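Asker: Provided below are the primary sequence and the corresponding predicted coordinates.
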Amino acid sequence: MTKNTKVNAAILIIGNEILSGRTQDTNTSTLATWLNSIGVKVEEVRVIPDVETTIVETLNTLRTTYDYVFTTGGIGPTHDDITAESVSKAFGLKYEIHKEAFKILEAYYKPGEFNEGRQKMVWMPENANLILNPTSGAPGFSVENVFCLPGVPSILKSMLGGLTNSIIGGKPILSLTISLRTVESEIANSLTKVQDQNQDVEIGSYPFFQAGKLGVSIVIRSEDQSKIDNCNSQILEFVNKKNIEVVDR
């Protein structure tokens, strides 16, 4: 894969607690920000329940569509943690005790604490590669282009550093934000013109509410800083003409 290739990924959030609203998903933002920084563009995010057939089918769709798939959740010690077994089925691999993971957790827990429930966390697809966990011992794992991470946000975050060398990205995706004291309808036509003249740059507009006033943030994204600078000056040109205030956020 050359450095200029567009590299993409999907994120698969697994867990009934996300769908029920009991737990808020922050992992998508953490993963997407990190992937962007290493030149991998997230093109799809799905949230699915802890149901084996759903996990298997979704995983098989995503792993053949995208360069990388990152799953979060369902690799803990409880009965509803079925991600590892579902990944084994998706790849047609044996679901078995990972010897290296067993050694890591056996050493991590005090004698007698590595009970049957915790031993469930060392069952993985055959020959899975481990993703080391500097926070709580229990490793994640990867099979081919699928990377399985825990659902706990602080633990997931701590494991990303160890993954950087396993992911081959394109050029990092750069971004610039311009925040304006205006409403979207006032800038829509002008912004569309800038987008039409810069097809290979991604331009998005996002309303915000700050200090009791409405505003719009324009986010320009590209792998090329000069293209961002060019769009920035075109946007500021119409902003000045319309006497729109630029604000710090």
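Answerer: Looks like it arrived, so ask away. Computed from a prediction, not measured in an experiment: that's the story for all the values here.
Asker: helices of the protein, residue ranges please.
Answerer: Along the chain, counting by DSSP state H, helices occupy 16-19, 27-37, 52-65, 83-91, 99-108, 116-119, 153-160, 184-197, 225-241.
Asker: distance check, the spatially most central residue of the chain against I18.
Answerer: The residue lying closest to the centre of the chain (C-alpha atoms, centre = their mean) is L31, at 3.0 Å. Applying C-beta to C-beta, to the nearest Å, the value for L31 to I18 is 14 Å. For glycine as for every other residue, the C-beta is placed from the backbone atoms N, C-alpha and C.
Asker: report the contact partners of D25.
Answerer: Neighbouring residues of D25 by C-beta atoms under 8 Å, 6 or more residues apart in numbering: 13, 18, 47.
Asker: between those residues, which sits nearest K242?
Answerer: Closest approach between these and K242, by C-beta to C-beta: V47, at 39.4 Å.
Asker: can you check the pLDDT for the closest one?
Answerer: Model confidence at V47, given as pLDDT, is 97.
Asker: what sits against the closest residue to it other than its chain neighbours?
Answerer: Nearest residue to V47, sequence neighbours excluded (C-beta to C-beta, 6 or more residues apart in numbering): I13, at 4.4 Å. By C-beta under 8 Å, 6+ apart, I13 lies in contact with 25, 27-28, 45-48, 71-73, 151.
Asker: give me the subset of those that lies in strands.
Answerer: Assigned to strands by DSSP state E, the following of those qualify: 45-48, 71-72.
Asker: for these, which single residue is the most surrounded?
Answerer: Most neighbours among the ones in strands among the contacts of I13, by other C-beta atoms under 10 Å: T71, with 30 neighbours.
Asker: in this structure that residue contacts G15, no?
Answerer: No - T71 lies out of contact with G15 (C-beta atoms under 8 Å); the separation is 10.1 Å.
Asker: need the overlap of contacts for the two.
Answerer: By C-beta under 8 Å, 6+ apart, no residue touches both T71 and G15.
Asker: still on that earlier bit, could the ones in strands among the contacts of I13 go into CSV alongside distance to P111?
Answerer: Below are the ones in strands among the contacts of I13 laid out as CSV (distance: C-beta to C-beta, whole Å):
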residue, distance to P111
V45, 42
R46, 41
V47, 39
I48, 38
T71, 32
T72, 31
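Asker: out of those, which one sits closest to G215?
Answerer: Nearest to G215 among those: V45, at 26.1 Å, using C-beta to C-beta.
Asker: partners of the closest one in the sheet?
Answerer: Judged by DSSP bridges, the bridge partners of V45 are I11.
Asker: ok, now which ones touch N8?
Answerer: 40-43, 66-68.
Asker: try 6 Å this time
Answerer: The contact partners of N8, by C-beta atoms under 6 Å, 6 or more residues apart in numbering, come to 41, 43, 66-67.
Asker: let's have those residues in TSV, adding neighbour count.
Answerer: Compiled in TSV, the contacts of N8 are given as follows (neighbours: other C-beta atoms under 10 Å):
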residue	neighbour count
K41	19
E43	14
Y66	21
D67	20
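Asker: show me what contacts the residue nearest to the centre of the chain?
Answerer: Counted by C-beta under 6 Å, 6+ apart, L31 has contacts 11, 70.
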